[in-house]
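Visitor: What would the 3D arrangement of this be:
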Amino acid sequence: MNVELLYFDGCPSYEKLLPRLRSLLDDAGERDALTLRRVESENAAVAERFLGSPTVRINGRDVDPGAADRDDFGLKCRLYRTDAGLEHMPPDRWIRAALERARQRA
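Guide: The predicted model follows:
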């Protein structure tokens, strides 16, 4: 399994998400699956289909259920539309569900 955390330098949400993501991966038995990927320019953001920092992808798929319908790529802070409103990080349940889907596909 490949878990990517895409971010840009100085993103406070990425710094808050990282330990939480590591804990979720530990709980799922995927401790070594995490790769950190820094996005450094607008061109790179578009090429990576980067919706903003932080972005979590599992086996190449964004954990946000609505991400596939978006095309607002860029070097920016990301907001997630959740049941609780706009959040700066994806909910744990989205990450857990994406991990489970990836296991089922394997």
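Visitor: could you pull out the helices for the protein?
Guide: Assigned by DSSP state H, the helices in the chain fall at 12-27, 42-48, 92-105.
Visitor: Just the buried residues of the second one, please?
Guide: What that stands for is helix 42-48. Of the residues in helix 42-48, Ala44, Ala45 count as buried by neighbour count, 16 or more other Cβ atoms under 10 Å. Bear in mind the C-beta positions are built from the backbone N, C-alpha and C, glycine included.
Visitor: Can I get it in PDB? Just the C-alpha atoms.
Guide: Only the C-alpha atoms of helix 42-48 are listed here, as PDB (Å, rounded to 0.1, in the frame of the first residue of the first chain):
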ATOM      1  CA  GLU A  42       2.100  26.100  -9.400                       C
ATOM      2  CA  ASN A  43       3.200  24.100 -12.400                       C
ATOM      3  CA  ALA A  44       4.000  21.100 -10.100                       C
ATOM      4  CA  ALA A  45       0.600  21.600  -8.400                       C
ATOM      5  CA  VAL A  46      -1.200  21.300 -11.700                       C
ATOM      6  CA  ALA A  47       0.900  18.400 -12.900                       C
ATOM      7  CA  GLU A  48       0.200  16.600  -9.600                       C
END
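Visitor: Need the contact partners of it.
Guide: Contact with helix 42-48 is made by Leu6, Arg37, Val39, Phe50, Phe73, Gly74, Leu75, as judged by Cβ atoms under 8 Å, 6 or more residues apart in numbering.
Visitor: out of everything not next to it in sequence, what's closest to the fourth one?
Guide: In other words, Phe50. In space, and not counting its chain neighbours, Phe50 is closest to Val39: 5.0 Å by Cβ to Cβ, 6 or more residues apart in numbering.
Visitor: what about the one you found, how many residues close to it?
Guide: Using other Cβ atoms under 10 Å, the number of residues around Val39 comes to 23.
Visitor: What distance do you get for it to Asn2?
Guide: Using Cβ to Cβ, to the nearest Å, one gets 17 Å for the distance from Val39 to Asn2.
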